[in-house]
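A.B. asks: fold the stuff below for me.
(one chain, ligands or ions: 1)
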Amino acid sequence: MSTLLIKNATVLATMDDHRREIPGGGLFIRDGFIEQVGPTSELPQSADQVLDLAGHVVLPGLVNTHHHFYQTLTRAIPAAQDANLFNWLKTLYPIWARLTPDDIFISTQTALAELAFSGCTTASDHLYLFPNGSRLDDEIAAAREIGVRLQASRGSMSLGESQGGLPPDSVVDSEEQILKDSQRLIETYHDAKPGAAVQIVLAPCSPFSVTTDLLKESAKLARQYGVHLHTHLAETEDEESFCLERFGHRPVGYMQEVDWVGQDVWFAHSIWVNQEEIDLYAKTGCGVAHCPSSNMRLASGIAPIKELLAAGVDVGIGVDGSASNDGSHLLAEARQAMLLARVKEGLTGFSRSDDPSRTLMTARDVLWLATRGGAAVLGRSDIGSLEVGKCADFFAIDLNRLDYAGALHDPLAATIFTQPVKADYTVVGGKFVVKQGQLVTLDEGRLVEKHNQAAKRLLSN
Ligand SMILES: [Zn+2]
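C.D. replies: Here you go, the predicted model:
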């Protein structure tokens, strides 16, 4: 039994159903879970460990709903800097085909370190190619070392170029092999209990890189074990044309056809969806991972977030892979989501309208998406808010810094409105991953060195 007392936060945002914000707030934590939350004066006065966060804003740990950690090795590659999705992928697939198990391990740590510095305490990752003996196990081992919760999505590609798919045959695997490994991973690692450090997700990559059979069989397997399903969907107009031509359906219709709708399914992007498809998501419970930087970077379009939320669809924020962002700063991504939602409003006449019913996405709205929205999308009720019984996952930012000078009228909104900064403390299940602005669980300098060596080797082969 161990206890941790967090006290005197300038403001503690709970993100509970009432969106309660507590001045002078704190948490009393026992064995990784929140036992009490409230004003410091109402909490126990001692604990095994006490952290005074006077002058800090405290928020629930952010939840990243879509990423490809391995892509941190291929950021800003000149040939892929100025391309749309399909051309970007075709440039990068042959480079990714050289990834090794060590590369998966190192890049996972880099991505998770960046995420932890940005306040993220739970990250979903979508690893969909396994060259040269790489396995999802390499990623899980790396995540356990750093201490961030992982929704490890067992991705896959089974539709190579020779069968009319987009990826070269060298990076696709057989359906049999994919399904066998998926089952092994679920049985080895999936933990359905509250406070789980690792959960497995089945995640065939996209309609243009997997076979119909693999989608159907993955859904059956996932439901047999009660794990969630994830894929890219309706990201570009190219994908829409591909689906219409090959399957005779738009992407969402195709998902319906292969039994990929339900509360256990979430899709990355969902830019090219119409109102009927949005209503289908709402009716069936499909969630959406919104990745605004990647959507801008690849000129994919602007997702209809306002319409999705109005229909009642769960929406979380994701940084997406680091080759299309090219960073893993989740707080910055939340800021992008707010700004891009406002661009969309502007395009439909907000600046000409004096209609008081038209409103803009607020900083608090987008923080909700990055916490509660993300938790809902991943199907986790144990994270996303600072409430009794939930995981002790939070981050804190020191307000006394240049970046926030003049923004202390509203410290919580300042985390989104000003230039995103690094967290001073990031705590997962009551354990420090970042403390006083430093990574606790691994050596940052050494990691950068190893990562750069791996990235260089990958490009020089
Ligand atoms: Zn992606």
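A.B. asks: nearest residue to residue 128 in space, please, no chain neighbours.
C.D. replies: residue 155 (2.7 Å; CB to CB, 6 or more residues apart in numbering). C-beta coordinates here come from the backbone N, C-alpha and C atoms, glycine included.
A.B. asks: quick one: contacts for that neighbour?
C.D. replies: 126-129, 203-205 (CB atoms under 8 Å, 6 or more residues apart in numbering).
A.B. asks: ok, these vs residue 361, which is closest?
C.D. replies: Among those, residue 126 lies closest to residue 361 (CB to CB), at 25.6 Å.
A.B. asks: verify the contact between residue 9 and residue 21 for me.
C.D. replies: No: between residue 9 and residue 21 no contact is recorded; they are 10.1 Å apart, counting by CB atoms under 8 Å.
A.B. asks: who's more crowded, these two?
C.D. replies: residue 9 (28 against 17; other CB atoms under 10 Å).
A.B. asks: quick check: bridge partners of the more buried one?
C.D. replies: Note on residue 9: beta-bridge partners by DSSP bridges are residue 25.
A.B. asks: quick check: pLDDT value at it.
C.D. replies: The model reports residue 9 with a pLDDT of 98.
A.B. asks: equivalent analysis for the one 4 residues further on, please.
C.D. replies: Listed pLDDT for residue 13 reads 98.
A.B. asks: and what of residue 356?
C.D. replies: So, for residue 356, pLDDT stands at 87.
A.B. asks: show me what the helix or strand containing residue 447 is packed up against.
C.D. replies: Residue 447 belongs to helix 444-460 when elements are defined using DSSP states H and E. Judged by 3 or more CB pairs under 8 Å, 6 or more residues apart in numbering; DSSP states H and E, helix 444-460 is in contact with helix 101-117.
A.B. asks: just confirm the residue nearest to residue 128 is within a helix.
C.D. replies: No: secondary structure of residue 155 (DSSP: H, G, I helix; E, B strand; the rest coil): strand, not part of a helix.
A.B. asks: separation between it and residue 94?
C.D. replies: 18 Å (CB to CB, to the nearest Å).
A.B. asks: now residue 216
C.D. replies: On the measure of CB to CB, residue 216 and residue 94 end up 29 Å apart.
A.B. asks: residue 325 now?
C.D. replies: Distance from residue 325 to residue 94, by CB to CB: 21 Å.
A.B. asks: and those two? Which one has more around it.
C.D. replies: Shown here are residue 325 and residue 94; by other CB under 10 Å, residue 325 has more neighbours (26 against 13).
A.B. asks: where does the more buried one land in three-state SS?
C.D. replies: Going by three-state DSSP: residue 325 is coil.
A.B. asks: please name the nearest non-neighbouring residue to it.
C.D. replies: Using CB to CB, 6+ apart, the closest residue to residue 325 is residue 293 (4.7 Å).
A.B. asks: helix, strand or coil: sort out the one you found for me.
C.D. replies: Assignment for residue 293 (three-state DSSP): helix.
A.B. asks: so what's the residue count around it?
C.D. replies: Neighbours of residue 293 (other CB under 10 Å): 21.
A.B. asks: what score does it have for pLDDT?
C.D. replies: On the pLDDT scale, residue 293 gets 98.
A.B. asks: hang on, it packs against residue 333?
C.D. replies: Yes: if you go by CB under 8 Å, residue 293 and residue 333 touch, sitting 6.0 Å apart.
A.B. asks: shared neighbours of these two, anything?
C.D. replies: Common contacts of residue 293 and residue 333 (CB under 8 Å, 6+ apart): 319, 325.
A.B. asks: and the strand or helix carrying residue 143, which residues are buried?
C.D. replies: Mapping residue 143 onto the secondary structure by DSSP H and E places it in helix 136-146. By neighbour count on 16 or more other CB atoms under 10 Å, the buried set for helix 136-146 is 136-140, 142-143, 146.
A.B. asks: what's the closest of the residues you listed to residue 48?
C.D. replies: residue 146 (23.0 Å).
A.B. asks: need the contact list for that closest one.
C.D. replies: Here residue 146 is in contact with 109, 112-113, 116, 433, 439, 441-442 (criterion: CB under 8 Å, 6+ apart).
A.B. asks: neighbour-wise, which of those leads?
C.D. replies: residue 112 (31 neighbours).
A.B. asks: what distance do you get for that residue to residue 144?
C.D. replies: Counting by CB to CB, the gap from residue 112 to residue 144 is 10 Å.
A.B. asks: so residue 242 makes contact with residue 234?
C.D. replies: No: judged on CB under 8 Å, residue 242 makes no contact with residue 234 at a distance of 11.4 Å.
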